[in-house]
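[1] predicted model, plus sequence, below.
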Amino acid sequence: VQLVESEGGLVQPGGSLRLSCTASGFTFSTYDMSWHRQAPGKERELVARFPSNGGSTNYADSVKGRFTISRDNAKNTVYLQMNSLKPEDTAVYFCYAKRVFLPTLITDYWGQGTQVTVSS
């Protein structure tokens, strides 16, 4: 099983960046996909989520209106389009896949993380 994220990078405030995460080794379309991030000294937090059933996407309040999560099941890939980036968006971004088979049986996978730095 692998979740391979694209490289992040250094972006100026107000700029844009698109992250991608390509999955292999499991049935991608049946997993809820999400992006999380962790800034230095802070806990990892949910940024955006795209459920497997095609339901509504969810976003952290801090990124609503600026970030968009999407997925392409044919390519086993989930994307995070980040616009109007702010210095406080600086963090390591992680791709996450989760499937709940039963309340007591959950399978999940994390990507390796990619650094996004927003700075002038």
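    Now that the structure is in, tell me what you want to look at.
[2] and stretch 89-100, which residues are buried?
    Neighbour counts over stretch 89-100 (16 or more other CB atoms under 10 Å) mark Asp89, Thr90, Ala91, Val92, Tyr93, Phe94, Cys95, Tyr96, Ala97, Lys98 as buried. Placement of C-beta: from N, CA and C, glycine included.
[3] and those, which two are the farthest apart?
    The span of the buried residues of stretch 89-100, defined through CB to CB, is set by Thr90 and Lys98 at 25.2 Å.
[4] now, which of the buried residues of stretch 89-100 lie within strands?
    Ala91, Val92, Tyr93, Phe94, Cys95, Tyr96, Ala97, Lys98 (DSSP state E).
[5] can you pull up the bridge partners for the fourth one?
    Read it as Phe94. His36 (DSSP bridges).
[6] Pro13 versus that one, what's the distance?
    Here the criterion is CB to CB, to the nearest Å. By it, Phe94 lies 22 Å from Pro13.
[7] for the last one, same thing?
    The span separating Lys98 from Pro13 equals 32 Å under the rule CB to CB.
[8] got a list of what Cys21 touches?
    For Cys21, the contacting residues are Leu3, Val4, Glu5, Ser6, Met33, Trp35, Thr77, Val78, Tyr79, Cys95, Gly111, by CB atoms under 8 Å, 6 or more residues apart in numbering.
[9] redo that, cut-off 7 Å
    Leu3, Val4, Glu5, Thr77, Val78, Cys95, Gly111 (CB atoms under 7 Å, 6 or more residues apart in numbering).
[10] cheers, nothing more for now.
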